[in-house]
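**Student:** Quick one: sequence plus predicted model below, questions after.
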Amino acid sequence: MALFFGRLHPLLVHLPIGLILLLAILELLARSPRFKHANANSGLILALVVPASMVAVLCGWLLSLGGGYQDRLLQLHKWTGIGTAAACALAGLLYSLDLKKAYRFCLFASVGVLMVASHFGGSLTHGSDYLTKYAPGPLRRWLGGAPATAPTIAVAKTRDVANLQAFNDVIQPLLQKDCVSCHGPEKSKGKLRLDSLAGVLKGGDSGPAILASKTADSPLLKRVRLPAGNEDHMPPDGKPQPDSDEISLLEWWIGAGAPGDKKMVELKVPPPIRRILDTRFGPTPIVAKVTPPKPLKEILPEAANLGDALKIVITPLSPNDPWLQCNASMLGTNFSDAELQRLLPLGANLRWLDVAGTRVTDAGLAYLAAMPNLQRLHLERTGVSDAGLVRLTGLGQLQYLDLYGTRVTDVGLGTLERLPQLKQLYVWETAVTPVAADAFVDARTDKSQVQRWQDQIEQLQSQIRDSRVAVELGTATVPAAQASATPINTQCPVSGKPIDGSKTTVYEGSVVAFCCDDCKAEFEKAPARFQAKLGKLMPKDSTTTK
(Lines give C-alpha, C1' and ligand atoms only; values in the text may rest on other atoms or scores of the structure.)
Protein backbone atom coordinates (compact mmCIF):
# COMPACT_ATOMS: atom_id res chain seq x y z
CA MET A 1 0.00 0.00 0.00
CA ALA A 2 2.92 2.34 0.73
CA LEU A 3 4.25 1.90 -2.82
CA PHE A 4 0.76 2.21 -4.30
CA PHE A 5 0.27 5.63 -2.73
CA GLY A 6 3.95 6.50 -3.15
CA ARG A 7 3.73 6.13 -6.92
CA LEU A 8 1.07 8.86 -6.94
CA HIS A 9 3.82 11.36 -6.03
CA PRO A 10 4.85 12.22 -9.63
CA LEU A 11 1.16 12.80 -10.44
CA LEU A 12 0.26 14.88 -7.37
CA VAL A 13 3.41 16.96 -7.03
CA HIS A 14 2.67 19.10 -10.09
CA LEU A 15 -0.52 20.56 -8.60
CA PRO A 16 1.15 22.38 -5.67
CA ILE A 17 4.05 23.40 -7.93
CA GLY A 18 1.63 25.12 -10.31
CA LEU A 19 -0.35 26.72 -7.49
CA ILE A 20 2.76 28.09 -5.74
CA LEU A 21 4.03 29.64 -8.97
CA LEU A 22 0.56 31.03 -9.76
CA LEU A 23 0.34 32.58 -6.29
CA ALA A 24 3.79 34.17 -6.64
CA ILE A 25 2.89 35.62 -10.07
CA LEU A 26 -0.37 37.08 -8.74
CA GLU A 27 1.43 38.69 -5.80
CA LEU A 28 3.96 40.26 -8.17
CA LEU A 29 1.19 41.57 -10.43
CA ALA A 30 -0.61 43.04 -7.43
CA ARG A 31 2.35 45.36 -6.84
CA SER A 32 1.30 47.25 -9.98
CA PRO A 33 -1.58 49.73 -9.60
CA ARG A 34 -3.08 48.43 -12.83
CA PHE A 35 -3.41 44.90 -11.37
CA LYS A 36 -3.79 45.76 -7.69
CA HIS A 37 -6.64 43.26 -7.27
CA ALA A 38 -4.76 40.33 -8.90
CA ASN A 39 -4.18 38.71 -5.48
CA ALA A 40 -7.79 38.95 -4.37
CA ASN A 41 -8.13 35.16 -4.36
CA SER A 42 -4.79 34.39 -2.70
CA GLY A 43 -6.57 32.98 0.33
CA LEU A 44 -8.46 30.44 -1.79
CA ILE A 45 -5.28 29.41 -3.59
CA LEU A 46 -3.46 29.00 -0.25
CA ALA A 47 -6.30 26.84 1.02
CA LEU A 48 -5.61 24.52 -1.91
CA VAL A 49 -1.82 24.64 -2.05
CA VAL A 50 -1.10 23.89 1.62
CA PRO A 51 -2.93 20.52 1.83
CA ALA A 52 -1.86 19.64 -1.73
CA SER A 53 1.81 20.16 -0.86
CA MET A 54 1.42 18.11 2.33
CA VAL A 55 -0.13 15.19 0.40
CA ALA A 56 2.57 15.35 -2.28
CA VAL A 57 5.32 15.29 0.37
CA LEU A 58 3.67 12.33 2.13
CA CYS A 59 3.43 10.34 -1.11
CA GLY A 60 7.04 11.21 -1.93
CA TRP A 61 8.16 9.88 1.46
CA LEU A 62 6.23 6.64 0.88
CA LEU A 63 7.84 6.29 -2.56
CA SER A 64 11.32 6.67 -1.05
CA LEU A 65 10.70 3.61 1.13
CA GLY A 66 10.85 1.44 -1.98
CA GLY A 67 14.60 2.13 -2.28
CA GLY A 68 16.64 2.06 -5.46
CA TYR A 69 17.68 5.73 -5.33
CA GLN A 70 21.06 7.34 -4.72
CA ASP A 71 20.96 8.19 -1.02
CA ARG A 72 22.50 11.67 -1.11
CA LEU A 73 20.20 12.93 -3.87
CA LEU A 74 17.21 11.31 -2.19
CA GLN A 75 17.90 13.09 1.10
CA LEU A 76 18.42 16.44 -0.63
CA HIS A 77 15.18 16.08 -2.57
CA LYS A 78 13.25 14.89 0.47
CA TRP A 79 14.27 17.71 2.80
CA THR A 80 13.94 20.49 0.23
CA GLY A 81 10.49 19.10 -0.61
CA ILE A 82 9.54 19.10 3.06
CA GLY A 83 10.97 22.63 3.33
CA THR A 84 8.77 23.77 0.44
CA ALA A 85 5.65 22.36 2.07
CA ALA A 86 6.61 23.88 5.45
CA ALA A 87 7.18 27.31 3.86
CA CYS A 88 3.76 27.08 2.19
CA ALA A 89 2.11 26.17 5.51
CA LEU A 90 3.84 29.07 7.26
CA ALA A 91 2.83 31.43 4.45
CA GLY A 92 -0.79 30.31 4.88
CA LEU A 93 -0.62 30.92 8.62
CA LEU A 94 0.87 34.40 8.18
CA TYR A 95 -1.76 35.24 5.53
CA SER A 96 -4.55 34.26 7.96
CA LEU A 97 -2.97 36.51 10.61
CA ASP A 98 -2.92 39.36 8.06
CA LEU A 99 0.87 39.64 8.27
CA LYS A 100 1.18 40.36 4.57
CA LYS A 101 4.87 41.26 4.37
CA ALA A 102 5.93 38.16 6.28
CA TYR A 103 3.50 36.11 4.16
CA ARG A 104 5.04 37.35 0.92
CA PHE A 105 8.56 36.68 2.20
CA CYS A 106 7.63 33.05 3.01
CA LEU A 107 5.85 32.68 -0.31
CA PHE A 108 8.84 33.76 -2.39
CA ALA A 109 11.16 31.74 -0.16
CA SER A 110 9.04 28.67 -0.92
CA VAL A 111 9.47 29.35 -4.66
CA GLY A 112 13.24 29.36 -4.24
CA VAL A 113 13.25 26.13 -2.22
CA LEU A 114 10.80 24.63 -4.75
CA MET A 115 13.23 25.18 -7.63
CA VAL A 116 16.02 23.44 -5.71
CA ALA A 117 13.74 20.54 -4.78
CA SER A 118 12.60 20.20 -8.40
CA HIS A 119 16.22 20.06 -9.59
CA PHE A 120 17.04 17.28 -7.14
CA GLY A 121 13.86 15.42 -8.14
CA GLY A 122 14.83 15.60 -11.81
CA SER A 123 18.32 14.38 -10.96
CA LEU A 124 16.85 11.37 -9.13
CA THR A 125 14.80 10.41 -12.16
CA HIS A 126 17.06 11.36 -15.05
CA GLY A 127 20.57 11.58 -13.57
CA SER A 128 22.51 14.31 -11.79
CA ASP A 129 23.61 15.97 -15.03
CA TYR A 130 20.12 16.12 -16.56
CA LEU A 131 19.84 19.91 -16.21
CA THR A 132 23.45 20.75 -17.07
CA LYS A 133 24.31 18.14 -19.69
CA TYR A 134 23.51 20.30 -22.73
CA ALA A 135 24.00 23.72 -21.16
CA PRO A 136 26.57 26.10 -22.75
CA GLY A 137 30.08 25.60 -21.38
CA PRO A 138 30.29 28.61 -18.97
CA LEU A 139 26.78 28.04 -17.61
CA ARG A 140 27.48 24.31 -17.19
CA ARG A 141 30.61 25.03 -15.14
CA TRP A 142 28.72 27.60 -13.02
CA LEU A 143 26.01 25.03 -12.30
CA GLY A 144 28.60 22.43 -11.35
CA GLY A 145 28.02 20.13 -14.31
CA ALA A 146 30.64 17.80 -15.71
CA PRO A 147 32.44 18.72 -18.94
CA ALA A 148 30.56 17.74 -22.07
CA THR A 149 31.31 14.27 -23.34
CA ALA A 150 30.13 12.25 -26.29
CA PRO A 151 27.18 9.92 -25.56
CA THR A 152 28.24 6.52 -24.34
CA ILE A 153 26.34 4.77 -27.11
CA ALA A 154 28.29 6.54 -29.84
CA VAL A 155 30.82 4.16 -31.40
CA ALA A 156 33.06 5.03 -34.32
CA LYS A 157 31.76 3.31 -37.41
CA THR A 158 35.25 2.62 -38.68
CA ARG A 159 36.29 0.38 -35.77
CA ASP A 160 37.64 -3.05 -36.55
CA VAL A 161 34.83 -5.44 -35.57
CA ALA A 162 37.31 -8.24 -34.84
CA ASN A 163 39.01 -6.16 -32.11
CA LEU A 164 35.81 -5.07 -30.35
CA GLN A 165 35.59 -6.18 -26.72
CA ALA A 166 32.46 -8.22 -26.17
CA PHE A 167 31.21 -6.37 -23.09
CA ASN A 168 32.76 -2.90 -23.12
CA ASP A 169 32.23 -2.18 -26.82
CA VAL A 170 29.13 -4.20 -27.71
CA ILE A 171 26.96 -4.97 -24.67
CA GLN A 172 27.68 -2.08 -22.29
CA PRO A 173 26.51 0.63 -24.75
CA LEU A 174 23.19 -1.22 -25.09
CA LEU A 175 22.72 -1.39 -21.33
CA GLN A 176 23.79 2.25 -20.98
CA LYS A 177 21.17 3.34 -23.51
CA ASP A 178 18.18 1.40 -22.18
CA CYS A 179 18.88 0.25 -18.61
CA VAL A 180 21.34 2.40 -16.63
CA SER A 181 18.90 5.27 -16.03
CA CYS A 182 17.05 2.96 -13.59
CA HIS A 183 19.91 0.58 -12.72
CA GLY A 184 22.98 2.79 -12.40
CA PRO A 185 25.03 4.59 -9.77
CA GLU A 186 22.40 7.25 -8.99
CA LYS A 187 19.29 5.10 -9.19
CA SER A 188 19.48 1.34 -8.75
CA LYS A 189 16.02 -0.21 -8.55
CA GLY A 190 16.03 -3.53 -6.74
CA LYS A 191 19.69 -2.82 -5.89
CA LEU A 192 20.56 -3.93 -9.43
CA ARG A 193 23.30 -2.07 -11.26
CA LEU A 194 23.93 -2.61 -14.95
CA ASP A 195 26.59 0.05 -15.46
CA SER A 196 29.48 -2.44 -15.13
CA LEU A 197 30.22 -6.09 -15.77
CA ALA A 198 30.59 -6.70 -12.02
CA GLY A 199 27.12 -5.24 -11.40
CA VAL A 200 25.55 -7.33 -14.16
CA LEU A 201 27.07 -10.53 -12.79
CA LYS A 202 26.27 -9.67 -9.16
CA GLY A 203 22.57 -9.04 -9.71
CA GLY A 204 20.20 -7.42 -7.23
CA ASP A 205 17.56 -8.20 -4.62
CA SER A 206 15.94 -10.80 -6.90
CA GLY A 207 19.19 -12.64 -7.55
CA PRO A 208 21.50 -12.75 -10.59
CA ALA A 209 20.45 -10.70 -13.62
CA ILE A 210 22.00 -13.20 -16.03
CA LEU A 211 23.07 -16.83 -15.95
CA ALA A 212 26.12 -17.30 -18.17
CA SER A 213 25.50 -19.73 -21.05
CA LYS A 214 21.82 -20.06 -20.05
CA THR A 215 19.82 -17.69 -22.19
CA ALA A 216 16.48 -19.35 -21.44
CA ASP A 217 16.96 -18.96 -17.67
CA SER A 218 18.50 -15.47 -17.51
CA PRO A 219 16.03 -13.11 -15.74
CA LEU A 220 17.29 -10.04 -17.62
CA LEU A 221 16.60 -11.62 -21.00
CA LYS A 222 13.22 -12.97 -19.84
CA ARG A 223 12.08 -9.50 -18.79
CA VAL A 224 13.24 -7.87 -22.02
CA ARG A 225 11.26 -10.45 -24.04
CA LEU A 226 8.00 -10.02 -22.12
CA PRO A 227 5.16 -8.18 -23.91
CA ALA A 228 5.36 -4.42 -23.44
CA GLY A 229 2.11 -4.39 -21.48
CA ASN A 230 3.38 -6.88 -18.88
CA GLU A 231 4.18 -5.21 -15.55
CA ASP A 232 7.47 -7.14 -15.35
CA HIS A 233 8.62 -6.07 -18.82
CA MET A 234 11.88 -4.15 -18.88
CA PRO A 235 12.50 -1.40 -19.77
CA PRO A 236 9.10 -0.21 -18.49
CA ASP A 237 6.45 0.65 -21.04
CA GLY A 238 6.93 4.24 -22.18
CA LYS A 239 10.73 4.13 -21.92
CA PRO A 240 13.01 3.63 -24.96
CA GLN A 241 13.02 -0.05 -25.94
CA PRO A 242 15.86 -2.17 -27.40
CA ASP A 243 15.31 -3.29 -30.98
CA SER A 244 15.47 -6.91 -32.17
CA ASP A 245 19.14 -6.64 -33.14
CA GLU A 246 20.08 -5.40 -29.68
CA ILE A 247 18.16 -8.24 -28.03
CA SER A 248 19.92 -10.71 -30.34
CA LEU A 249 23.32 -9.30 -29.33
CA LEU A 250 22.43 -9.59 -25.65
CA GLU A 251 21.19 -13.15 -26.12
CA TRP A 252 24.34 -14.14 -28.00
CA TRP A 253 26.59 -12.61 -25.32
CA ILE A 254 24.85 -14.49 -22.51
CA GLY A 255 24.87 -17.71 -24.52
CA ALA A 256 28.60 -17.28 -25.17
CA GLY A 257 29.23 -17.32 -21.42
CA ALA A 258 28.97 -13.54 -20.77
CA PRO A 259 32.63 -12.87 -21.65
CA GLY A 260 34.17 -9.70 -20.23
CA ASP A 261 37.44 -8.61 -21.80
CA LYS A 262 37.48 -11.07 -24.71
CA LYS A 263 37.55 -9.68 -28.21
CA MET A 264 35.27 -10.76 -31.02
CA VAL A 265 38.12 -12.47 -32.82
CA GLU A 266 38.50 -14.79 -29.82
CA LEU A 267 34.83 -15.80 -29.77
CA LYS A 268 32.61 -17.90 -32.01
CA VAL A 269 30.33 -15.40 -33.72
CA PRO A 270 27.47 -16.87 -35.80
CA PRO A 271 26.67 -15.26 -39.18
CA PRO A 272 23.52 -13.36 -38.02
CA ILE A 273 25.44 -11.74 -35.16
CA ARG A 274 28.35 -10.94 -37.45
CA ARG A 275 25.93 -9.19 -39.80
CA ILE A 276 24.53 -7.10 -36.93
CA LEU A 277 28.04 -6.17 -35.78
CA ASP A 278 29.06 -5.20 -39.30
CA THR A 279 25.98 -3.00 -39.61
CA ARG A 280 26.49 -1.27 -36.26
CA PHE A 281 30.27 -1.00 -36.07
CA GLY A 282 31.76 -1.83 -39.47
CA PRO A 283 32.70 0.58 -42.24
CA THR A 284 29.82 2.64 -43.53
CA PRO A 285 28.93 1.46 -47.06
CA ILE A 286 29.18 3.99 -49.83
CA VAL A 287 25.61 4.80 -50.80
CA ALA A 288 24.66 7.00 -53.70
CA LYS A 289 22.92 10.25 -52.82
CA VAL A 290 19.20 9.56 -52.84
CA THR A 291 17.26 11.84 -55.14
CA PRO A 292 13.55 12.05 -54.35
CA PRO A 293 11.29 10.83 -57.17
CA LYS A 294 9.63 13.38 -59.38
CA PRO A 295 5.82 13.66 -59.28
CA LEU A 296 4.09 11.20 -61.60
CA LYS A 297 2.53 13.91 -63.77
CA GLU A 298 5.95 15.44 -64.32
CA ILE A 299 7.85 12.20 -65.06
CA LEU A 300 5.24 10.43 -67.24
CA PRO A 301 5.78 12.49 -70.44
CA GLU A 302 9.54 12.02 -70.15
CA ALA A 303 9.08 8.28 -69.56
CA ALA A 304 6.76 7.95 -72.56
CA ASN A 305 9.21 9.74 -74.87
CA LEU A 306 12.11 7.64 -73.65
CA GLY A 307 10.11 4.43 -73.99
CA ASP A 308 9.23 5.30 -77.60
CA ALA A 309 12.81 6.21 -78.41
CA LEU A 310 14.24 2.97 -76.98
CA LYS A 311 11.23 0.83 -78.02
CA ILE A 312 10.76 -0.51 -74.49
CA VAL A 313 7.86 -0.49 -72.04
CA ILE A 314 7.91 2.09 -69.24
CA THR A 315 4.69 2.36 -67.23
CA PRO A 316 3.62 3.57 -63.76
CA LEU A 317 3.19 0.95 -61.04
CA SER A 318 0.04 2.67 -59.78
CA PRO A 319 -2.02 5.72 -60.74
CA ASN A 320 -1.29 7.54 -57.47
CA ASP A 321 2.39 6.89 -56.75
CA PRO A 322 5.46 8.24 -58.61
CA TRP A 323 7.03 4.81 -59.18
CA LEU A 324 7.79 3.38 -62.63
CA GLN A 325 8.48 -0.10 -64.00
CA CYS A 326 10.71 -0.63 -67.02
CA ASN A 327 10.84 -3.78 -69.17
CA ALA A 328 13.72 -3.81 -71.66
CA SER A 329 13.95 -7.60 -71.98
CA MET A 330 11.85 -7.54 -75.16
CA LEU A 331 14.78 -5.94 -77.03
CA GLY A 332 17.11 -8.82 -76.14
CA THR A 333 20.64 -8.20 -77.41
CA ASN A 334 19.61 -4.89 -78.95
CA PHE A 335 19.65 -3.39 -75.45
CA SER A 336 23.10 -2.78 -73.93
CA ASP A 337 24.92 -0.64 -71.38
CA ALA A 338 24.51 2.41 -73.61
CA GLU A 339 20.71 2.10 -73.57
CA LEU A 340 20.75 1.47 -69.82
CA GLN A 341 22.60 4.76 -69.39
CA ARG A 342 19.80 6.59 -71.19
CA LEU A 343 17.42 5.57 -68.36
CA LEU A 344 19.30 7.73 -65.85
CA PRO A 345 16.82 10.67 -66.02
CA LEU A 346 14.17 8.27 -64.68
CA GLY A 347 16.50 6.76 -62.08
CA ALA A 348 14.87 8.12 -58.92
CA ASN A 349 11.42 6.95 -60.07
CA LEU A 350 12.34 3.42 -61.16
CA ARG A 351 11.03 0.71 -58.83
CA TRP A 352 11.15 -2.35 -61.12
CA LEU A 353 13.75 -2.91 -63.84
CA ASP A 354 13.90 -5.92 -66.20
CA VAL A 355 16.96 -6.23 -68.48
CA ALA A 356 16.86 -10.03 -68.73
CA GLY A 357 18.50 -11.46 -71.85
CA THR A 358 20.11 -8.17 -72.85
CA ARG A 359 23.78 -7.27 -73.40
CA VAL A 360 24.07 -5.45 -70.06
CA THR A 361 27.49 -6.10 -68.49
CA ASP A 362 29.27 -5.44 -65.20
CA ALA A 363 30.23 -1.98 -66.46
CA GLY A 364 26.61 -1.10 -67.10
CA LEU A 365 25.60 -1.92 -63.52
CA ALA A 366 27.42 1.24 -62.44
CA TYR A 367 24.42 3.20 -63.75
CA LEU A 368 22.18 1.52 -61.14
CA ALA A 369 23.70 3.80 -58.51
CA ALA A 370 21.35 6.48 -59.89
CA MET A 371 18.37 4.16 -59.26
CA PRO A 372 18.45 3.95 -55.43
CA ASN A 373 14.74 3.13 -55.09
CA LEU A 374 14.85 -0.12 -57.06
CA GLN A 375 13.02 -2.97 -55.34
CA ARG A 376 12.92 -5.54 -58.13
CA LEU A 377 15.77 -6.23 -60.58
CA HIS A 378 15.97 -8.85 -63.35
CA LEU A 379 19.51 -9.57 -64.58
CA GLU A 380 18.99 -13.15 -65.77
CA ARG A 381 20.91 -14.33 -68.84
CA THR A 382 23.09 -11.20 -68.97
CA GLY A 383 26.89 -10.84 -68.90
CA VAL A 384 26.91 -9.99 -65.18
CA SER A 385 29.57 -11.59 -62.95
CA ASP A 386 30.83 -11.30 -59.37
CA ALA A 387 32.70 -8.08 -60.21
CA GLY A 388 29.49 -6.34 -61.21
CA LEU A 389 27.56 -7.30 -58.08
CA VAL A 390 29.72 -4.96 -56.02
CA ARG A 391 27.93 -2.11 -57.81
CA LEU A 392 24.58 -3.27 -56.34
CA THR A 393 25.55 -2.76 -52.70
CA GLY A 394 24.13 0.77 -52.69
CA LEU A 395 20.61 -0.46 -53.52
CA GLY A 396 19.32 -0.35 -49.97
CA GLN A 397 15.69 -1.06 -50.95
CA LEU A 398 16.30 -3.99 -53.32
CA GLN A 399 14.08 -6.94 -52.34
CA TYR A 400 14.06 -9.16 -55.46
CA LEU A 401 17.08 -10.10 -57.60
CA ASP A 402 17.13 -12.65 -60.43
CA LEU A 403 20.62 -13.81 -61.53
CA TYR A 404 19.56 -16.93 -63.43
CA GLY A 405 22.08 -18.02 -66.07
CA THR A 406 24.77 -15.47 -65.13
CA ARG A 407 28.44 -16.00 -64.25
CA VAL A 408 27.91 -15.39 -60.54
CA THR A 409 29.83 -17.61 -58.07
CA ASP A 410 30.01 -18.08 -54.30
CA VAL A 411 32.16 -14.94 -54.08
CA GLY A 412 29.40 -12.80 -55.56
CA LEU A 413 26.88 -14.28 -53.16
CA GLY A 414 28.98 -13.05 -50.27
CA THR A 415 28.86 -9.55 -51.72
CA LEU A 416 25.05 -9.61 -51.76
CA GLU A 417 24.94 -10.13 -47.99
CA ARG A 418 25.33 -6.35 -47.72
CA LEU A 419 21.89 -5.75 -49.26
CA PRO A 420 19.72 -5.16 -46.16
CA GLN A 421 16.25 -5.69 -47.72
CA LEU A 422 16.97 -8.59 -50.10
CA LYS A 423 14.35 -11.31 -49.61
CA GLN A 424 14.21 -13.24 -52.93
CA LEU A 425 17.34 -14.29 -54.81
CA TYR A 426 17.40 -16.61 -57.86
CA VAL A 427 20.72 -18.19 -58.87
CA TRP A 428 19.63 -21.11 -61.08
CA GLU A 429 22.26 -22.32 -63.54
CA THR A 430 25.06 -20.28 -61.96
CA ALA A 431 28.29 -21.39 -60.25
CA VAL A 432 26.79 -20.83 -56.79
CA THR A 433 27.10 -23.98 -54.66
CA PRO A 434 24.46 -25.32 -52.25
CA VAL A 435 26.85 -24.80 -49.34
CA ALA A 436 27.24 -21.11 -50.17
CA ALA A 437 23.47 -20.73 -50.65
CA ASP A 438 22.81 -22.27 -47.21
CA ALA A 439 25.44 -20.00 -45.64
CA PHE A 440 23.77 -16.97 -47.28
CA VAL A 441 20.39 -17.93 -45.82
CA ASP A 442 21.90 -18.53 -42.36
CA ALA A 443 23.68 -15.18 -42.42
CA ARG A 444 20.42 -13.35 -43.15
CA THR A 445 18.13 -15.31 -40.84
CA ASP A 446 17.78 -14.50 -37.16
CA LYS A 447 16.96 -18.01 -35.99
CA SER A 448 16.54 -16.90 -32.39
CA GLN A 449 13.89 -14.38 -33.41
CA VAL A 450 12.14 -16.96 -35.59
CA GLN A 451 12.12 -19.38 -32.66
CA ARG A 452 10.66 -16.70 -30.38
CA TRP A 453 7.88 -16.07 -32.89
CA GLN A 454 7.20 -19.81 -33.15
CA ASP A 455 7.03 -20.06 -29.35
CA GLN A 456 4.59 -17.16 -29.26
CA ILE A 457 2.44 -18.80 -31.95
CA GLU A 458 2.37 -22.07 -30.02
CA GLN A 459 1.46 -20.20 -26.84
CA LEU A 460 -1.39 -18.38 -28.61
CA GLN A 461 -2.66 -21.64 -30.13
CA SER A 462 -2.64 -23.18 -26.68
CA GLN A 463 -4.64 -20.23 -25.33
CA ILE A 464 -7.13 -20.60 -28.17
CA ARG A 465 -7.57 -24.31 -27.41
CA ASP A 466 -7.98 -23.60 -23.70
CA SER A 467 -10.62 -20.94 -24.36
CA ARG A 468 -12.91 -23.32 -26.26
CA VAL A 469 -15.96 -24.79 -24.58
CA ALA A 470 -17.10 -28.37 -25.31
CA VAL A 471 -20.65 -29.58 -24.74
CA GLU A 472 -21.20 -33.36 -24.65
CA LEU A 473 -24.79 -34.49 -25.30
CA GLY A 474 -24.11 -38.14 -24.54
CA THR A 475 -25.52 -39.29 -27.89
CA ALA A 476 -23.74 -41.29 -30.54
CA THR A 477 -22.78 -38.59 -33.00
CA VAL A 478 -19.83 -40.41 -34.62
CA PRO A 479 -20.00 -43.25 -37.12
CA ALA A 480 -20.28 -46.73 -35.65
CA ALA A 481 -16.96 -47.77 -37.21
CA GLN A 482 -15.25 -44.87 -35.45
CA ALA A 483 -16.91 -45.53 -32.09
CA SER A 484 -15.92 -49.17 -31.97
CA ALA A 485 -12.50 -49.12 -33.63
CA THR A 486 -9.06 -48.34 -32.25
CA PRO A 487 -7.03 -45.53 -33.90
CA ILE A 488 -4.41 -46.80 -36.32
CA ASN A 489 -1.87 -44.15 -35.22
CA THR A 490 -0.17 -43.18 -31.95
CA GLN A 491 1.18 -39.84 -33.17
CA CYS A 492 -0.80 -36.96 -34.64
CA PRO A 493 -0.25 -36.91 -38.45
CA VAL A 494 -0.40 -33.08 -38.43
CA SER A 495 1.80 -32.05 -35.49
CA GLY A 496 3.65 -35.29 -34.69
CA LYS A 497 2.63 -35.03 -31.02
CA PRO A 498 1.04 -37.89 -28.97
CA ILE A 499 -2.62 -38.39 -29.79
CA ASP A 500 -5.71 -37.67 -27.71
CA GLY A 501 -7.98 -40.71 -28.07
CA SER A 502 -11.09 -38.51 -27.98
CA LYS A 503 -10.02 -36.47 -31.06
CA THR A 504 -10.68 -38.87 -33.95
CA THR A 505 -12.10 -39.05 -37.45
CA VAL A 506 -12.70 -41.81 -40.00
CA TYR A 507 -10.49 -41.75 -43.09
CA GLU A 508 -10.75 -44.46 -45.76
CA GLY A 509 -12.45 -46.79 -43.31
CA SER A 510 -9.84 -46.36 -40.57
CA VAL A 511 -9.93 -44.35 -37.37
CA VAL A 512 -7.27 -41.61 -37.23
CA ALA A 513 -6.59 -39.79 -33.95
CA PHE A 514 -5.14 -36.31 -33.35
CA CYS A 515 -3.59 -34.31 -30.52
CA CYS A 516 -6.19 -31.52 -30.63
CA ASP A 517 -9.25 -30.21 -32.45
CA ASP A 518 -7.16 -27.79 -34.53
CA CYS A 519 -5.12 -30.61 -36.05
CA LYS A 520 -8.27 -32.65 -36.65
CA ALA A 521 -9.87 -29.74 -38.51
CA GLU A 522 -6.73 -29.15 -40.59
CA PHE A 523 -6.60 -32.85 -41.53
CA GLU A 524 -10.26 -32.96 -42.55
CA LYS A 525 -9.74 -29.96 -44.88
CA ALA A 526 -7.07 -31.73 -46.95
CA PRO A 527 -6.39 -35.30 -45.77
CA ALA A 528 -4.31 -36.11 -48.86
CA ARG A 529 -1.55 -33.81 -47.55
CA PHE A 530 -0.95 -36.13 -44.62
CA GLN A 531 -1.57 -39.47 -46.35
CA ALA A 532 2.17 -40.14 -46.62
CA LYS A 533 2.46 -40.17 -42.82
CA LEU A 534 -0.40 -42.67 -42.56
CA GLY A 535 0.46 -44.78 -45.60
CA LYS A 536 2.12 -47.69 -43.78
CA LEU A 537 -0.65 -47.74 -41.18
CA MET A 538 -3.57 -47.84 -43.64
CA PRO A 539 -5.12 -51.18 -44.68
CA LYS A 540 -3.70 -52.44 -47.98
CA ASP A 541 -7.12 -52.62 -49.61
CA SER A 542 -7.99 -49.00 -48.78
CA THR A 543 -8.67 -46.63 -51.65
CA THR A 544 -7.74 -43.00 -51.87
CA THR A 545 -10.59 -40.54 -51.60
CA LYS A 546 -10.38 -37.15 -53.18
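**Tutor:** Done, it's in.
**Student:** Where does pLDDT dip in this structure?
**Tutor:** Applying pLDDT under 70 to the chain flags the ranges 66-71, 124-134, 137, 139-159, 186, 237-238, 282-291, 448, 474-485, 535-546.
**Student:** Which parts of it belong to which domain?
**Tutor:** Here the domain parsing of the chain from automatic domain parsing is 2-142, 161-281, 296-432, 476-537.
**Student:** In a markdown table, list those domains along with distance to residue 463 and mean neighbour count.
**Tutor:** Every C-beta, even on glycine, is put in place using the N, C-alpha and C of the backbone. Below are those laid out as a markdown table (distance: least, CB to CB, whole Å; neighbours: other CB atoms under 10 Å):
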| stretch | distance to residue 463 | mean neighbour count |
| --- | --- | --- |
| domain 2-142 | 30 | 17 |
| domain 161-281 | 13 | 17 |
| domain 296-432 | 31 | 18 |
| domain 476-537 | 12 | 15 |
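**Student:** would you turn these into JSON lines with distance to residue 442?
**Tutor:** Output for these, formatted as JSON lines (distance: least, CB to CB, whole Å):
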{"stretch": "domain 2-142", "distance to residue 442": "41"}
{"stretch": "domain 161-281", "distance to residue 442": "5"}
{"stretch": "domain 296-432", "distance to residue 442": "10"}
{"stretch": "domain 476-537", "distance to residue 442": "25"}
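**Student:** so which of the ones you listed gets nearest residue 449?
**Tutor:** domain 161-281 (5.8 Å; CB to CB).
**Student:** Now do the end-to-end distance for that closest one.
**Tutor:** Its start and end residues considered, domain 161-281 measures 6 Å (CA to CA, to the nearest Å).
**Student:** which stretches of the stretch 301-450 of the chain form helices?
**Tutor:** For the stretch 301-450 of the chain, applying DSSP state H, counting those that start in this stretch gives helices covering 337-341, 386-389, 410-415, 434-443, 447-467.
**Student:** Distance to residue 359 added to those, as a markdown table?
**Tutor:** Output for those, formatted as a markdown table (distance: least, CB to CB, whole Å):
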| stretch | distance to residue 359 |
| --- | --- |
| helix 337-341 | 7 |
| helix 386-389 | 13 |
| helix 410-415 | 19 |
| helix 434-443 | 27 |
| helix 447-467 | 41 |
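**Student:** ok, and the closest non-adjacent residue to residue 351?
**Tutor:** Of all residues not flanking residue 351 in the chain, residue 323 sits nearest, at 3.9 Å (CB to CB, 6 or more residues apart in numbering).
**Student:** which residues touch that neighbour?
**Tutor:** Residues counted as contacts of residue 323 (CB atoms under 8 Å, 6 or more residues apart in numbering) are 293, 316, 317, 349, 350, 351, 373.
**Student:** Quick check: it vs residue 83, distance?
**Tutor:** Distance of residue 323 to residue 83, given as CB to CB, to the nearest Å: 64 Å.
**Student:** now residue 403
**Tutor:** Distance, residue 403 to residue 83, by CB to CB: 74 Å.
**Student:** How about residue 526?
**Tutor:** 76 Å.
**Student:** try residue 317
**Tutor:** Counting by CB to CB, the gap from residue 317 to residue 83 is 67 Å.
**Student:** Which of the contacts of residue 323 fall within strands?
**Tutor:** Mapping those onto strands (DSSP state E) picks out 316, 350, 351.
**Student:** Mind picking the one among these that's closest to residue 26?
**Tutor:** Residue 26 has its nearest neighbour among the ones in strands among the contacts of residue 323 in residue 351, at 62.4 Å by CB to CB.
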